[in-house]
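> fold the following for me, if possible:
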Amino acid sequence: MRAMGRRRLVVMALAVAAVLAGCARGSVPATGPTTRPGTLTAPAAPGPSGYSASLVSGGLTRTYLVYLPAAARSGRPLPLLLSLHGRLGTGAGQARLTNFDAVANAFGFIVVSPDGYQRSWADGRGTSPADKAGVNDVAFLGALLDQVMARNRVDPTRVYVAGMSNGGFMAERLGCDLASRFAAIAVVAANFDQGLAARCAPAHPLPVILIHGSNDPLVPEAGGLLEGEPILSTLATVSRWASLAGCGAAPAVASLPVLVNDGTSVQRSTYTGCHNGARVVYDDVIGGGHAWPDGEQYLPVAVIGKTSRNLNASEVIWQFCLGYHL
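Alright, predicted model coming up:
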């Protein structure tokens, strides 16, 4: 009963946070111009910029945000990162949580932050509003990439996806069902769905980086039943991705430097010897919660656990991704 009460408290808190975040953040990032749904605004001045746009997929009007770094003014094709929010989140909220825009401006890549159906993704587990409504988010996100690439100069060999929680589960589904579009994927605070792990057959050996808090109260590292659906443990998830990429049997394990005494630390496991030069990396954030390391502490520690300051997830993810192309 106590566990059920805690889960209800977490869900209520997440719902309140999502509403407050939507009120505070609006529908587009501060760096981009405000546009009506379905319109497209070109950068009006030099420097970083962004726009909001929409498309119809499966009979639904779907919305998304695009951040264009200063490097977009050069006219050369840029890499693209698709950034997927968690359950009850939004594209704008994901941009604020991760601060990928700043990383994108520093390294010169485009960030696309879409909005899930009823703040959720159809990741295939059957538990989200999107799954229950029969939404095809694999088709939507594929069409979104087509639209963004038609309107911007994008290097199609350097497209990546990163997601947290429900967005992390969705990133894994894309890694299984749409790997031909992605050079690498990044998964934060999500494990492998048991059914998806069993049928997953990526189109190429897929580089994967996984980041997970050891004290995550919502998606436990131990795995088990999540909303009635079985998920693998984080270690089994990492092992499965390593197997799919044809990696060597045992990873190299190292402790990263502790930069801030916040009660967290990071142990990194790296699988090498994979096919086509792929790697699978697992950053175990010891003491961390259901969080984006070095992002916002978007809810109290008592609800989601601690946000570590000993790993900048956004920078680490990009440093991993930039080494790969199709």
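> for the rest of this, base every contact and every neighbour count on C-alpha atoms.
Noted.
> Leu226 versus the residue nearest the centre of the chain, what's the distance?
Against the mean C-alpha coordinate of the chain, by CA atoms, centre = their mean, the closest residue is Gly163 at 1.0 Å. Taking CA to CA, to the nearest Å as the criterion, Gly163 is separated from Leu226 by 18 Å.
> where do the strands sit along the chain?
Taking DSSP state E as the criterion, the chain carries its strands at 49-57, 60-68, 78-84, 110-114, 154-164, 184-188, 208-213, 224-226, 229-231, 252-255, 265-271, 280-286.
> reformat the ones you listed as CSV; add mean pLDDT and distance to Ala198.
Supplementary listing: those in CSV, determined by pLDDT from 0 to 100; distance: least, CA to CA, whole Å:
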stretch, mean pLDDT, distance to Ala198
strand 49-57, 96, 28
strand 60-68, 98, 30
strand 78-84, 98, 23
strand 110-114, 98, 28
strand 154-164, 98, 21
strand 184-188, 98, 18
strand 208-213, 98, 17
strand 224-226, 96, 15
strand 229-231, 97, 11
strand 252-255, 98, 25
strand 265-271, 98, 20
strand 280-286, 98, 18
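> thinking Tyr67 is in contact with Ile110, fair?
Yes - with contact defined as CA atoms under 8 Å, Tyr67 and Ile110 form a contacting pair (5.8 Å).
> before we move on, the earlier item: what's around the nearest residue to the residue nearest to the centre of the chain once chain neighbours are set aside, how many residues?
Setting aside the residues directly before and after it, Gly163 is nearest to Leu84 in space (CA to CA, 6 or more residues apart in numbering), at 4.4 Å. Leu84 sits with 30 neighbouring residues when counted by other CA atoms under 10 Å.
> mind giving me CSV with the strands of the chain and columns for distance to Asp177?
Converted to CSV, those look like this (distance: least, CA to CA, whole Å):
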stretch, distance to Asp177
strand 49-57, 17
strand 60-68, 20
strand 78-84, 15
strand 110-114, 18
strand 154-164, 13
strand 184-188, 12
strand 208-213, 15
strand 224-226, 22
strand 229-231, 18
strand 252-255, 29
strand 265-271, 22
strand 280-286, 18
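> which residues of the stretch 101-250 of the chain score low on pLDDT?
Counting by pLDDT under 70, the stretch 101-250 of the chain has no low-confidence residues at all.
> repeat that with 90
Where the stretch 101-250 of the chain drops to pLDDT under 90, the residues are 248-249.
> tell me where it has helices.
Here the stretch 101-250 of the chain has its helices, by DSSP state H, counting those that start in this stretch, at 129-132, 137-151, 166-177, 194-199, 234-244.
> need the winner for burial among the ones you listed.
Using mean count of other CA atoms under 10 Å, the stretch among the helices of the stretch 101-250 of the chain with the greatest mean number of neighbours is helix 166-177 (a mean of 26).
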